[in-house]
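A.B. asks: Have a look; sequence and predicted model below, questions after that.
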Amino acid sequence: MINFNQIRVFYHVAKNQSFTLAAKDLFITQPAVTAQVKAFEDFCNLKLFKKRGRGIYLTDEGTMLYHSVRQIFEYEKEIENVIDDMRKLKRGVLRLGTTKAYARYLMPFLMSHFHRIYPQIKIFLDEGTSLEMNSSLLNFKNEVAIIARAQDHPDITFIPFSQEELVLIMHPNHPFVKLKEVSVGEIAREPIIMKQAGSGTRTIVDQLFIKNGCIPNILMETGNTEFIKDLVCKGEGVSFLVRPSVNVEFLENKLVTVPVKGHKIFLKVSIAYLKDQVLSNTARAFVDLLLQLAPKDGPLQDIATLSSKLSPVTKIFP
């Protein structure tokens, strides 16, 4: 079997055409270099160098071998550069999971901010319910998820990041609009378009009805926020969505909201990752960036407030 260390010594001697310079490159003694070259020539049963005075020259066999060996060490240097780039976050991959609503209304400003700092990192964004994103962490499909804490899991760390107000939405001509506030019981009697099971929004809304001893009149369940808004705009029912997802419709008077009596409802957004796994450099950098944005003390802030800390280029809310 070829001794790779002998090949390395041969390469440096051939490149420098000097035993002395090769010894300096390799941080070993000149006699050690000479011994390694002799051992390699014996293994190959070839004469690889010729000597004239103090100079050494490659034989034809040595020249042929050097051209092949050189490719190995050029590729080795390329590998070292790749490793160095990954350490310095000049290249790499970030695999993120989030919900469909967050992917549209929350993640753009976060990814834009991250990309400004680490422009060479390639981001893969996966979407699904909060529970599906929990599974994606456990299955190593994603390394970090930005989700609602719909369900605890002993293997997942959840760090509170932000909170978004959940608002009751309806058509501008809905009878509720004439009221200053509506009770949970009144909402339960209306056709409700619900977010699908497994979403953070659905978990909180379900808890709201259970807490008030009401059974909602569910017209439809879907994970598509745009479809929910479209149905409510057509007067097909009412729904609960995070405020950022309906800000435009509120401004255009396509949808309106009425306060829920006795309740201010918030959806808490968390940074999630596996407890027993060391985060990659890219994932650690992303989590650290989020933690810098989130207040260390005091109540959680909404995404619009967090985005206001950044330059106007990255803001996504009016």
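C.D. replies: Received, thanks.
A.B. asks: got the buried residues for the top helix by length along the chain?
C.D. replies: What stands out as the longest helix in the chain, according to DSSP state H, is helix 60-87. By 16 or more other Cβ atoms under 10 Å, the buried positions in helix 60-87 come out as 62, 65-66, 69, 86. Backbone N, C-alpha and C define where each C-beta goes, glycine included.
A.B. asks: same thing with stretch 217-237?
C.D. replies: 223, 225, 228-229, 231-233, 237.
A.B. asks: what about residue 293, how many neighbours?
C.D. replies: 18 (other Cβ atoms under 10 Å).
A.B. asks: I figured it hits residue 306, correct?
C.D. replies: Yes - here residue 293 reaches residue 306: they are 5.1 Å apart, a contact under Cβ atoms under 8 Å.
A.B. asks: Show me the strands in the protein, by range?
C.D. replies: Under the criterion DSSP state E, strands of the chain are mapped to 49-52, 55-58, 92-98, 121-127, 144-148, 156-170, 191-195, 217-222, 239-242, 256-257, 266-274.
A.B. asks: Low-confidence bits of the stretch 201-318 of the chain, can you list those?
C.D. replies: 309-318 (pLDDT under 70).
A.B. asks: circling back: in the buried residues of stretch 217-237, find the pair that's most separated.
C.D. replies: 223 and 233 (18.1 Å; Cβ to Cβ).
A.B. asks: a markdown table please, covering the strands of the chain and showing distance to residue 176.
C.D. replies: Output for the strands of the chain, formatted as a markdown table (distance: least, Cβ to Cβ, whole Å):
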| stretch | distance to residue 176 |
| --- | --- |
| strand 49-52 | 92 |
| strand 55-58 | 89 |
| strand 92-98 | 31 |
| strand 121-127 | 31 |
| strand 144-148 | 25 |
| strand 156-170 | 6 |
| strand 191-195 | 12 |
| strand 217-222 | 14 |
| strand 239-242 | 12 |
| strand 256-257 | 9 |
| strand 266-274 | 21 |
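A.B. asks: ok, now how distant is the nearest residue to residue 256 once chain neighbours are set aside from residue 259?
C.D. replies: The shortest distance from residue 256 to any residue other than its chain neighbours is 5.1 Å, reached at residue 172 (Cβ to Cβ, 6 or more residues apart in numbering). Remark: distance between residue 172 and residue 259 (Cβ to Cβ, to the nearest Å) = 16 Å.
A.B. asks: try residue 47
C.D. replies: Distance, residue 47 to residue 259, by Cβ to Cβ: 92 Å.
A.B. asks: of those two, who's got more company?
C.D. replies: Of the pair residue 47 and residue 259, residue 259 is the one with more neighbours under other Cβ under 10 Å, namely 14 against 11.
A.B. asks: Surely the more buried one and residue 184 touch.
C.D. replies: No - with contact defined as Cβ under 8 Å, residue 259 does not reach residue 184; the gap is 11.7 Å.
A.B. asks: Run a quick neighbour tally on the closest residue to residue 184 other than its chain neighbours.
C.D. replies: Of all residues not flanking residue 184 in the chain, residue 212 sits nearest, at 4.0 Å (Cβ to Cβ, 6+ apart). For residue 212, the neighbour count with other Cβ under 10 Å is 16.
A.B. asks: now residue 212: how far from residue 182?
C.D. replies: In terms of Cβ to Cβ, residue 212 sits 12 Å off from residue 182.
A.B. asks: swap in residue 234?
C.D. replies: For residue 234 relative to residue 182 (Cβ to Cβ), the value is 20 Å.
A.B. asks: How about residue 89?
C.D. replies: 50 Å.
A.B. asks: Please apply the same query to residue 203.
C.D. replies: According to Cβ to Cβ, residue 203 and residue 182 sit 21 Å apart.
A.B. asks: Residue 215 too?
C.D. replies: From residue 215 across to residue 182, the span is 17 Å (Cβ to Cβ).
A.B. asks: Give me the more crowded residue out of the two.
C.D. replies: A side-by-side neighbour count of residue 215 and residue 182, using other Cβ under 10 Å, places residue 182 first with 20 against 9.
A.B. asks: doesn't residue 261 make contact with that one?
C.D. replies: Yes - using Cβ under 8 Å, residue 182 is in contact with residue 261, at 6.2 Å.
A.B. asks: Now do the shared contacts for those two.
C.D. replies: Residues within reach of residue 182 and of residue 261 at once, by Cβ atoms under 8 Å, 6 or more residues apart in numbering: there are none.
A.B. asks: Alpha carbons of stretch 4-11, as CSV, please.
C.D. replies: Provided in CSV are the C-alpha atoms of stretch 4-11 (Å, rounded to 0.1, in the frame of the first residue of the first chain):
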residue,chain,number,x,y,z
PHE,A,4,0.7,8.9,1.7
ASN,A,5,3.3,10.6,3.9
GLN,A,6,6.0,9.5,1.5
ILE,A,7,4.0,10.9,-1.4
ARG,A,8,3.7,14.2,0.4
VAL,A,9,7.5,14.4,1.0
PHE,A,10,8.2,13.4,-2.6
TYR,A,11,5.8,16.2,-3.8
